[in-house]
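Visitor: What follows is a predicted protein model with its sequence.
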Amino acid sequence: STSDSSAQAPIVNSEEYVCKHPPYQVQIVSSSPLVIYIRDFLTERERAHLKSISKNTFRTSAVGSGSKAARRTSQSTYLPSTDPIVSCIEQRATLFQGYDVHPSQLEPLQLVHYSPGEHYHLHTDWFSDEAYKMAVNGGNRLSSFFAYVSLSNDTTGGGTNFPLVNAPRDPRWCDVIDCDEQWERGVTFRPMEGNAVYWENLEGDGTGNHRTVHAGLPVTTGDKIGMNIWTRQLPLSDEVRGRFEYPDL
Ligand SMILES: O=C(O)CCC(=O)C(=O)O
Ligand SMILES: [Fe+2]
């Protein structure tokens with residue numbers, strides 16, 4: 001169909017692009033910590049664009065601690081806010097959080113690529129190291145979005161597990177939550193293209209919430225590309241936002 005195909009065309013001229021937020025759907029998974037499941041947070045066109053601009057840029061990130069390779073075996077890359085689609089997604093992530101969060105509080109969006117066998121061990125996204133937190137500015141990570149950008153046809157495994165968050169019991173969740181997971185293992189979100197999980201990392205007093213601990217489970221077959229959107233407590237300078245160098249924690 002002629003009229004529809006132009007809407008899917010890749011972006012060649014940023015002046016033709018208008019940022020429009022899709023009608024995503026939100027549901028609360030847990031109120032403490034606050035965890036929200038978001039369906040259709042990224043459009044197909046956005047996902048295709050993110051994949052295309054990040055092609056061949058993934059690498060094993062610079063390491064803070066020597067044991068990191070065992071903790072995180074995926075490869076990552078950062079996306080430039082100068083890209084109009086990236087900037088549109090940044091706006092969406094800030095609007096989602098109300099009007100108090102400004103895009104300058106976002107770290108550069110990060111894509112993470114997992115091949116079979118790759119995973120990210122249990123961790124929290126909030127920083128526990130006071131010195132590191134001060135050095136980089138912006139304070140701690142208030143919130144996280146983890147969005148599923150791309151899966152191959154044969155992807156298995158690769159769920160996102162929160163062992164200390166109770167899984168909701170209604171069977172209607174079973175399309176997006178792994179209902180075969182044992183109850184004691186908390187909640188495991190299946191990787192599903194376009195959908196995202198949002199959660200708050202910090203308690204009201206700014207301390208890290210230990211119950212936000214989570215893992216990227218090993219991908220068994222196929223590939224998985226996800227995206228981290230991390231919001232800091234305070235604005236990051238343009239210089240820091242443009243540097244694209246954050247060690248994995
Ligand atoms: O891969 C996942 O499902 C989660 C990744 C994650 O938690 C992270 O990159 O911080
Ligand atoms: Fe994480």
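Guide: Yep, that arrived. Ligands and ions are numbered 1, 2, ... in the order given.
Visitor: pretty sure Gln118 is in contact with Thr73, am I right?
Guide: In this structure residue 118 is Glu, not Gln. Yes - using C-beta atoms under 8 Å as the test, Glu118 is close enough to Thr73 to be in contact (4.3 Å). C-beta: built from backbone N, CA, C; applies to glycine.
Visitor: If you drop the residues flanking it in sequence, what lies closest to the residue in the chain that ligand 1 sits nearest to?
Guide: Of all residues in the chain, Gly216 sits closest to ligand 1, at 2.5 Å by C-beta to the nearest ligand atom. Residue nearest to Gly216 in three dimensions, not counting chain neighbours: Tyr120, with 3.7 Å by C-beta to C-beta, 6 or more residues apart in numbering.
Visitor: who touches the lengthiest helix in the chain?
Guide: The longest helix of the chain (DSSP state H) is helix 84-96. Under the criterion C-beta atoms under 8 Å, 6 or more residues apart in numbering, residues 11, 14, 17, 19-21, 38, 41-42, 46, 49-50, 53, 79-81, 101-103, 105-106, 109, 145, 198, 229, 231 lie in contact with helix 84-96.
Visitor: ok, of those residues, which come out buried?
Guide: 11, 17, 38, 41-42, 46, 49-50, 53, 79, 81, 101, 103, 105-106, 109, 145, 198, 229, 231 (16 or more other C-beta atoms under 10 Å).
Visitor: Spatially nearest residue to Leu50 (excluding sequence neighbours)?
Guide: Closest to Leu50 by C-beta to C-beta, 6+ apart is Val149, at 5.5 Å.
Visitor: was I right about that neighbour contacting Gly226?
Guide: Yes - with contact defined as C-beta under 8 Å, Val149 counts as touching Gly226 (6.1 Å).
Visitor: Neighbour count for the two, which is higher?
Guide: Here Val149 and Gly226 are compared on neighbour count by other C-beta atoms under 10 Å; more neighbours surround Gly226, at 25 against 22.
Visitor: Show the residue spans covered by the helices in the protein.
Guide: Using DSSP H, helices in the chain cover 2-7, 44-54, 68-71, 84-96, 130-136, 238-243.
Visitor: what about the second one, distance to the chain center?
Guide: The gap between the average C-alpha position of helix 44-54 and the chain average comes to 15 Å, counting by C-alpha atoms, centre = their mean, to the nearest Å.
Visitor: Could you export it as CSV, CA atoms only?
Guide: Taking Å, rounded to 0.1, in the frame of the first residue of the first chain, the C-alpha atoms of helix 44-54 are listed here in CSV:
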residue,chain,number,x,y,z
GLU,A,44,8.9,-0.7,15.0
ARG,A,45,10.4,2.2,13.1
GLU,A,46,12.3,3.5,16.1
ARG,A,47,13.6,0.0,16.8
ALA,A,48,14.8,-0.4,13.2
HIS,A,49,16.5,3.0,13.4
LEU,A,50,18.2,2.3,16.7
LYS,A,51,19.5,-1.0,15.2
SER,A,52,20.8,0.7,12.1
ILE,A,53,22.6,3.6,13.8
SER,A,54,24.3,1.3,16.3
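Visitor: and it, what other elements does it pack with?
Guide: If contacts are counted by 3 or more C-beta pairs under 8 Å, 6 or more residues apart in numbering; DSSP states H and E, helix 44-54 sits against helix 84-96, strand 141-151, strand 224-232.
Visitor: Give me every residue in this protein lying close to ligand 1.
Guide: 112, 120, 125, 146, 160, 214, 216, 226, 228 (C-beta under 6 Å from any ligand atom).
Visitor: got a list of what the second one touches?
Guide: When the contact criterion is C-beta under 8 Å, 6+ apart, the partners of Tyr120 are 71-74, 112, 215-216.
Visitor: Would you mind measuring from it to Arg72?
Guide: Using C-beta to C-beta, to the nearest Å, Tyr120 is found at 5 Å from Arg72.
Visitor: Check the first one too.
Guide: Summarising the geometry, the distance separating Val112 from Arg72, computed by C-beta to C-beta, is 9 Å.
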